[in-house]
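Trainee: fold the following and give me the result.
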Amino acid sequence: MTAKPFEFHESTEFIPKISQKPENKVAKVLEILQNANSILPQVVLLSTILAFVRPSSFTWFTSSYYAPAIGFLMFAVGLNLKEKDFVEAFRRPTPIFAGYIGQYGLKPFLGYLFGTVSMRLLGLPISLSDGIMLTSCVSGATLSNYATFLTDPKMAPLSIVMTSLSTASAVFVTPLLTLLLLGKRLHVDVNGMVSSIMQIVVTPVAASLFLNRFFPVISKTIRPFLPPIALVVNFFCIGAPLAINMESIMSPFGLTITIIMIMYHLSGFILGHTFTGIVFQNEPDVQPLQRTLSYETGMQSSLLALALANKFFQDPLVGIPPAISVIIMSLMGFSLVKIYGLRKQLSENDQ
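Mentor: Residues are numbered from 1 along each chain as shown. A predicted model of the protein is given here:
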């Protein structure tokens, strides 16, 4: 609105620009911050290259930082959600069950398949085969929740429920699967798993939902700043496992296992996407469901598998497949974020 002292000036058309220009600048800055995730693939590539060229840039980012980092990503996801979103997620037991079967049915089958092939056809040591199968027996990766949020925000609660369920039941299912595939029953720390779920998923999401409900002004203020911080977090979460496990990657079997783990995770992503399209073909949101279950099936808690390998196996070769899986799973998952995002945008433009 034009102020009265200026209403008789011939140049009054410039007045709104003077009063709105700072606001426009602020809005532009906030928009840039909120869209920071658009450069995630470039950040992933930069992190990968730097980890190879200068591993010391990441080796300080040990596992003690990893849990809080993922917890922050879950907080960022939760700040864009409401309680009703989770209520709606629990009202869809069939997709939740499908995700569970993908994680503890399809993935162990793939683990057994690729583990057997590596040993019998490629002649790799049985310890490497055990490492591949062990990787397939653990729960879903929390990073799949963040990947789902970046691609289909409305599906994030469903993804969180799926991962939480697979993680909570890992204390029972993972030992049974390792007994079935490896002939060795591994004892998963119940208290450790419960503590992990609380620290990485439940507490951050609950805190963000609480902030949304009772302090909406604060939520609105900090929300635009979370995406760029999340980029930095992802930068280290991807580069650190690569740098720390560089010895495994550069081992005599490193290249072969890397190719096998690429095929293993790629199969999980593709089959999760394909089977979901068949089972839920009549659902109105079948494509978002396909992307969500693709992440859930293709990504898993390889760090847990690495911890189990170091604890229960004397042969260090067992730890090589899960160590490489940590890297492959993250790189492929966040690459798919960009691919699925572009396909989603093209599909929406055609409609």
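Trainee: so for the one helix or strand residue 348 maps to, mean pLDDT?
Mentor: Per DSSP states H and E, residue 348 falls inside helix 320-350. For helix 320-350, mean pLDDT rounds to 84.
Trainee: show me what counts as buried in it.
Mentor: Residues 320-338, 340-341 are the ones in helix 320-350 that count as buried (16 or more other CB atoms under 10 Å). Yep, even glycine has a C-beta here, placed from its N, CA and C like the rest.
Trainee: ok, stretch 117-136 next?
Mentor: Across stretch 117-136, burial judged by 16+ other CB under 10 Å covers 118-119, 124, 127-136.
Trainee: what does stretch 279-294 give?
Mentor: In stretch 279-294, counting by 16+ other CB under 10 Å, buried: 279-280, 283, 287-294.
Trainee: which one of those residues is nearest residue 247?
Mentor: Among the buried residues of stretch 279-294, residue 294 lies closest to residue 247 (CB to CB), at 31.2 Å.
Trainee: measure the closest one to residue 76 for me?
Mentor: Per CB to CB, to the nearest Å, residue 294 is found 21 Å from residue 76.
Trainee: which residue is nearest the middle of the chain?
Mentor: residue 143 (1.9 Å; CA atoms, centre = their mean).
Trainee: confidence score at that residue?
Mentor: 84.
Trainee: doesn't residue 327 make contact with it?
Mentor: No. Using CB atoms under 8 Å, residue 143 is not in contact with residue 327; the gap is 11.9 Å.
Trainee: shaky segments in this structure?
Mentor: 1-38, 185, 188, 190, 193, 350-351 (pLDDT under 70).
Trainee: near residue 254, how many other residues are there?
Mentor: 17 (other CB atoms under 10 Å).
Trainee: right, and it touches residue 327 too?
Mentor: No. Checked against CB under 8 Å, the pair residue 254 and residue 327 is beyond contact range at 11.1 Å.
Trainee: mind listing what the closest residue to residue 46 other than its chain neighbours touches?
Mentor: The shortest distance from residue 46 to any non-neighbouring residue, by CB to CB, 6 or more residues apart in numbering, is to residue 235 (7.3 Å). By CB atoms under 8 Å, 6 or more residues apart in numbering, the residues touching residue 235 are 43, 46-47.
Trainee: who wins for neighbours among these?
Mentor: Ranked by the number of neighbours (other CB under 10 Å), these place residue 47 first, at 24 neighbours.
Trainee: residues contacting the closest residue to that one other than its chain neighbours?
Mentor: Sequence neighbours aside, residue 239 is the residue nearest to residue 47 in space, at 3.9 Å (criterion: CB to CB, 6+ apart). Residue 239 makes contacts with 47-48, 50-51, 57-58, 61, as judged by CB under 8 Å, 6+ apart.
Trainee: is it possible to export those residues to CSV including distance to residue 243 and secondary structure?
Mentor: Output for those, formatted as CSV (distance: CB to CB, whole Å; DSSP: H, G, I helix; E, B strand; the rest coil):
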residue, distance to residue 243, secondary structure
47, 9, helix
48, 10, helix
50, 8, helix
51, 4, helix
57, 7, helix
58, 4, coil
61, 8, coil
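Trainee: spatially, which two of those residues are the most separated?
Mentor: 48 and 61, at 14.4 Å, using CB to CB across those.
Trainee: so which strand or helix has the nearest residue to residue 152 once chain neighbours are set aside?
Mentor: Leaving aside its chain neighbours, residue 152 sits nearest to residue 288 (4.2 Å; criterion: CB to CB, 6+ apart). If you go by DSSP H and E, residue 288 is part of helix 286-298.
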